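> Output the structure for:
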Amino acid sequence: MLDWEKCSEVAERFQYKAKFEDRGDLRHNIIIRLAEVAQRNGHKPFTEGAMVRVASYVVMEYWRGVMRLPRITSLDETIYDGDGNETELYQMLADDKAIDVDAWLDAKLWLYRAPPRLVKIAYKKVSGLPLTDRDRNYLYQQRKKAQKSLAFI
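Prediction:
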């Protein structure tokens, strides 16, 4: 009969040899492997030393799998997708200077729907020009109106 508490203790000692995010998985893999070995062992005693040896092999297999993961070596490397298309890796990087099309279209739609006077006030604000008292009052009223419409959403 397998001593599950002893298996859990051995697995707990070896789980810290993995990356932080993989520790739980490694612990479970060790316990499963100990159960498999104990089942194949027959009626022979399954000592703590044998458990430690099996756990060390599971840790070795874990690191072998981690080290065999593909690594990116160059930005000029060609990436293939499932549809048969190929793209160089550097073309898939995000561009900080690219236009956010969704935001640009939203702004453009806002400009078409907004009252012309409000558009002129917005231009003054962006350009850094001073607003008159009438402009400030109109902007205040428009903001209040927008807040009321947002409150009902």
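> So for the helix or strand harbouring residue 120, mean pLDDT?
Per DSSP states H and E: residue 120 is located in helix 116-127. For helix 116-127, mean pLDDT rounds to 90.
> Could I get the buried residue list for stretch 71-90?
Of all the residues in stretch 71-90, not one is buried under the rule 16 or more other C-beta atoms under 10 Å. Backbone N, C-alpha and C define where each C-beta goes, glycine included.
> and residue 31, how many neighbours does it have?
19 (other C-beta atoms under 10 Å).
> I'd guessed it sits against residue 12; true?
No. The criterion here is C-beta atoms under 8 Å, and residue 31 misses it with residue 12 at 9.6 Å.
> can you list contacts of stretch 97-110?
In this structure, no residues lie in contact with stretch 97-110 by C-beta atoms under 8 Å, 6 or more residues apart in numbering.
> Can I get it in PDB, CA atoms only?
Output of stretch 97-110 as PDB, limited to C-alpha atoms (Å, rounded to 0.1, in the frame of the first residue of the first chain):
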ATOM      1  CA  LYS A  97       3.700  55.700 -33.600                       C
ATOM      2  CA  ALA A  98       0.900  53.900 -35.500                       C
ATOM      3  CA  ILE A  99      -2.500  55.500 -35.600                       C
ATOM      4  CA  ASP A 100      -5.200  54.000 -33.500                       C
ATOM      5  CA  VAL A 101      -7.800  53.600 -36.200                       C
ATOM      6  CA  ASP A 102     -10.700  53.100 -33.800                       C
ATOM      7  CA  ALA A 103     -10.000  56.200 -31.700                       C
ATOM      8  CA  TRP A 104      -9.400  58.200 -34.900                       C
ATOM      9  CA  LEU A 105     -12.700  57.200 -36.300                       C
ATOM     10  CA  ASP A 106     -14.500  57.900 -33.000                       C
ATOM     11  CA  ALA A 107     -12.900  61.400 -33.000                       C
ATOM     12  CA  LYS A 108     -13.900  62.000 -36.600                       C
ATOM     13  CA  LEU A 109     -17.500  60.900 -35.900                       C
ATOM     14  CA  TRP A 110     -17.600  63.200 -32.900                       C
END
